[in-house]
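*Asks:* Please find the sequence and the predicted model below.
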Amino acid sequence: MTPAAFQARLQQAVQHHLGGRFDEASRVYEALRIAAPRDYQVNHLLGTLRYQQGRAAEAAQLLETALRLQPRAPATLMCLGLAYVALQRRPEAEKALRESVRLDPKSHEAWGHLGGTIMFAGKQAEAIECFRRCVALKPDFADGWHSLGCALQVTGQGEEAVACHNRVLALQPNHPRALFSRAQALHIQHRLTEAIADFDAHLARHPAHHEARSFRLLLLNYRDDLSPEALFAEHLAYGRAVEANIPAERLRPQPRQPKPAGTPLRVAFLSPDLRTHSVAFFLEPLLAHLDRTRFTVILYHDHFTEDAMSERLRKHAQVWRNFVGLDRERVLKAIAEDAPDILIDLTGHTGFNRMEMLARRLAPVQIAYLGYPNTTGLSAMDYRLTDALADPVGAADQLHTEKLLRFAPTAWCFSPPADAPVPAPTPCLSQGRIAFGSFNTLSKVSDHTLRLWRDLLAAVPDSQLVLKSMGLDPKRWTERLAAAGLPVDRVRLLAPTKGIAEHLACYGQIDIALDPFPYHGTTTTCEALWMGVPVITRAGDRHASRVGVSLLHAVGHPEWVADDDADYVARAVALATDHSRLTTLRAGLRAEMQRSPLLDYAGQAARFGAALEQAWADAPAT
């Protein structure tokens, strides 16, 4: 073939390639590669095509060949980096992409791909800078702005993230994910009404995007205008939508294989929160005390962050895997190879969940626990672990697709931070007035909650309210507090703190903690009690508004549980007027917690293990 004929055929293949006629392009590229196996362009273009066809291993081989022929080729390095990402060879991908931007620092695409790759390596700050370089080079690149917005919201920078997604929508009004991502950014700013509106608008365009429907369910739990029955209907609708295309045999309980006597049950835990996170604080003591003669522990982490807590949890597992960035098929294959008897989901409808996979049943027995305060809505989720105070027998059973396993006096087992400071003196003694406070996420602070706090401040005229939360925008929250009728001159908004010890030290500024309604605190309640601060809660009609009931009964203080709004205010006032009682509590609450079921690690682990064995015994056998 003459050089001119070769180039003509190559141009023909490129036109097929650009036109999306991949089969025709492939045939011509292959013929040209046989004729000229050491031609850089043919190897590069065919490698690029193979990547686009989802044939990443072939793509990598071809692109590696192209690089040997032309080592300083930034476009080839970029494509090779993407192929390595698809093959889960992330360190090699990062190296290739870094070299690509070094050789061609004006490639907005390469900067964007490098940012996406190093996000999964936990290098969020550097990833954000990569995305900034990307959009600086191409300001009208909607996908670049979207990537920047997503990276910002992962790092808690909600205001700028919303601005980025607004930019995406201005550039590309029908962008497939901009509304979904903006809804998430609005959520971390606690702008729930706007976030739900964005989810609704996104789902109107993309009704089959079950991930968005799942995120929306979490936000519905914060609302104070939905009945438990309405919330259940929303979860059922999610379950029906996800299960619509799943074969019926995948939804039914799988027959369990009989296990020889003395063979441990294989129990897998799936969560993106096997790191410094509230879920880990409650999980670690159970894992540490679970009887290894009866249970083999498998931990499935699903997040790009692995830290000291991850390492501690890993030591309690016989198998550890991190699924972050893996596609569904690879995750399914890994779980099938591990063959867990019981799979426990710790996430529910919170971020980075695998609900759509769980709907296809990954183990003979599937259990929901810890991370989410409601039903999953899935037929394939067999049980939910809880207690009789958080989910009273009767009504609660009718509002779950799972069978409720009430396994202990309280469903939680709290592990206090090792670096928690000792409780500070009661602040009212030095300040001369009572400081109420809440360190719960502000997404839980509903209009109903604000009315309760308004009435309480009116009942204790010289008192203060102290608020602390991630994503607290002082201007926006001052306006909302004022609109709700709270005296803003008596409200203090605390700035974020760097670490857990500094955060817990802030409890030295409040005398009485106030639980929000209808979504109670869990970790925040336990932390307050550990720091010697009593917590006033209001019992409600769903799990989310009964967590405080369970925790306070567990530590022996049911008198801090109110039955209605007036009772909530009255109980808080009674405590506020008894400074001597507050001082006694400050000195003794930590010891009360230590004697409670919450810190009875061996007992709770034994009860937890017995519940797992009951669930396994009740599963249908072959």
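*Replies:* Structure's in. What do you need? Numbers count the residues shown, from 1 in each chain.

*Asks:* tell me the pLDDT at the residue nearest to Val393 when sequence neighbours are not counted?
*Replies:* Among residues not flanking Val393 along the chain, Arg406 sits closest, at 7.5 Å (CB to CB, 6 or more residues apart in numbering). Where C-beta positions appear, they are placed from N, C-alpha and C, glycine not excepted. Arg406 is assigned 98 on the pLDDT scale.

*Asks:* what does Ala197 give?
*Replies:* Per-residue pLDDT puts Ala197 at 98.

*Asks:* just checking, it is part of a strand?
*Replies:* No - assessed with DSSP: H, G, I helix; E, B strand; the rest coil, Ala197 is helix; it does not lie in a strand.

*Asks:* what number of residues lie near it?
*Replies:* Applying other CB atoms under 10 Å, we find 14 residues neighbouring Ala197.

*Asks:* And for Pro416?
*Replies:* With other CB under 10 Å as criterion, Pro416 counts 19.

*Asks:* sec struct for it, please.
*Replies:* Under the three-state scheme (three-state DSSP), Pro416 adopts coil.

*Asks:* Skip the chain neighbours and tell me the closest residue to it.
*Replies:* Closest residue in space to Pro416, ignoring its immediate chain neighbours: Trp530 at 4.9 Å, by CB to CB, 6+ apart.

*Asks:* Which parts of the helix or strand encompassing Ser430 count as buried, going by neighbours?
*Replies:* Assessed by DSSP states H and E, Ser430 sits inside helix 427-431. Neighbour-count burial for helix 427-431, with 16 or more other CB atoms under 10 Å as criterion, is recorded at 427-428.

*Asks:* Over to stretch 258-274?
*Replies:* Neighbour counts over stretch 258-274 (16+ other CB under 10 Å) mark 265-274 as buried.

*Asks:* how far does it stretch from start to finish?
*Replies:* 31 Å (CA to CA, to the nearest Å).

*Asks:* Now do it: distance to the chain's middle.
*Replies:* With CA atoms, centre = their mean, to the nearest Å as the basis, stretch 258-274 stands 23 Å off its chain's centre.

*Asks:* Same question for stretch 239-246.
*Replies:* On CA atoms, centre = their mean, the centre of stretch 239-246 falls 22 Å from the chain's centre.

*Asks:* same deal with stretch 56-64?
*Replies:* Counting by CA atoms, centre = their mean, stretch 56-64 comes out at 34 Å from the chain centroid.

*Asks:* With stretch 275-291 instead?
*Replies:* Distance, stretch centre to chain centre, for stretch 275-291: 16 Å (CA atoms, centre = their mean).

*Asks:* And the strands in the stretch 301-450 of the chain?
*Replies:* All strands of the stretch 301-450 of the chain, identified by DSSP state E, counting those that start in this stretch, fall at 319-322, 342-345, 365-368, 383-386, 403-406, 435-438.

*Asks:* whoops, I mixed them up, the stretch 151-300 of the chain
*Replies:* 265-271, 295-301.

*Asks:* thinking again about what came up before, and the strands of the stretch 301-450 of the chain as CSV, adding mean neighbour count?
*Replies:* Output for those, formatted as CSV (neighbours: other CB atoms under 10 Å):
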stretch, mean neighbour count
strand 319-322, 17
strand 342-345, 25
strand 365-368, 24
strand 383-386, 24
strand 403-406, 19
strand 435-438, 23
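
*Asks:* how about CSV for these, with distance to Asp511 added?
*Replies:* Listed next are these as CSV, based on distance: least, CB to CB, whole Å:
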stretch, distance to Asp511
strand 319-322, 43
strand 342-345, 38
strand 365-368, 36
strand 383-386, 31
strand 403-406, 34
strand 435-438, 5
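
*Asks:* on that earlier part again, farthest pair within the buried residues of stretch 258-274?
*Replies:* Greatest spatial distance in the buried residues of stretch 258-274: Leu265 and Pro272, 23.9 Å, computed using CB to CB.

*Asks:* Compute the first-to-last residue distance for stretch 376-391.
*Replies:* Start-to-end span of stretch 376-391 (CA to CA) is 15 Å.

*Asks:* hang on, I meant stretch 360-374
*Replies:* Counting by CA to CA, you get 20 Å between the two ends of stretch 360-374.

*Asks:* Sort out which residues of it are buried, please.
*Replies:* Within stretch 360-374, the residues that qualify as buried are 360-374, counting by 16+ other CB under 10 Å.

*Asks:* cool, and stretch 549-569?
*Replies:* Of the residues in stretch 549-569, those buried (16+ other CB under 10 Å) are 549-555, 557, 560-562, 568-569.

*Asks:* ok, now stretch 160-173?
*Replies:* Applying 16+ other CB under 10 Å to stretch 160-173 flags 161-165, 167-169, 171-172 as buried.

*Asks:* same thing with stretch 569-587?
*Replies:* Buried residues in stretch 569-587, defined by neighbour count with 16+ other CB under 10 Å: 569, 571-573, 575-576, 582-583, 585-586.

*Asks:* Include pLDDT and distance to Gln153 when you put the buried residues of stretch 258-274 into CSV, please.
*Replies:* Compiled in CSV, the buried residues of stretch 258-274 are given as follows (pLDDT from 0 to 100; distance: CB to CB, whole Å):
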residue, pLDDT, distance to Gln153
Leu265, 97, 39
Arg266, 97, 36
Val267, 98, 33
Ala268, 98, 29
Phe269, 98, 26
Leu270, 98, 23
Ser271, 97, 20
Pro272, 96, 15
Asp273, 96, 17
Leu274, 97, 21
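
*Asks:* which among the residues you listed gets closest to Arg50?
*Replies:* For the buried residues of stretch 258-274, the nearest to Arg50 is Pro272 (31.8 Å; CB to CB).

*Asks:* Wait, the closest one touches Gly348, no?
*Replies:* No - counting by CB atoms under 8 Å, Pro272 stays clear of Gly348, with 11.4 Å between them.

*Asks:* Could you check how far Arg89 is from Arg102?
*Replies:* Distance, Arg89 to Arg102, by CB to CB, to the nearest Å: 19 Å.

*Asks:* So for those two, which sits in the more crowded spot?
*Replies:* For Arg89 versus Arg102, neighbours defined as other CB under 10 Å are more numerous around Arg89 (17 against 12).

*Asks:* Tell me where the model's unsure across the stretch 151-300 of the chain.
*Replies:* The model of the stretch 151-300 of the chain has pLDDT under 70 over residues 253-254.

*Asks:* Would you map the helices across it?
*Replies:* Along the stretch 151-300 of the chain, the stretches classed as helices by DSSP state H, counting those that start in this stretch are 158-171, 178-188, 192-205, 210-220, 228-243, 248-251, 278-289.
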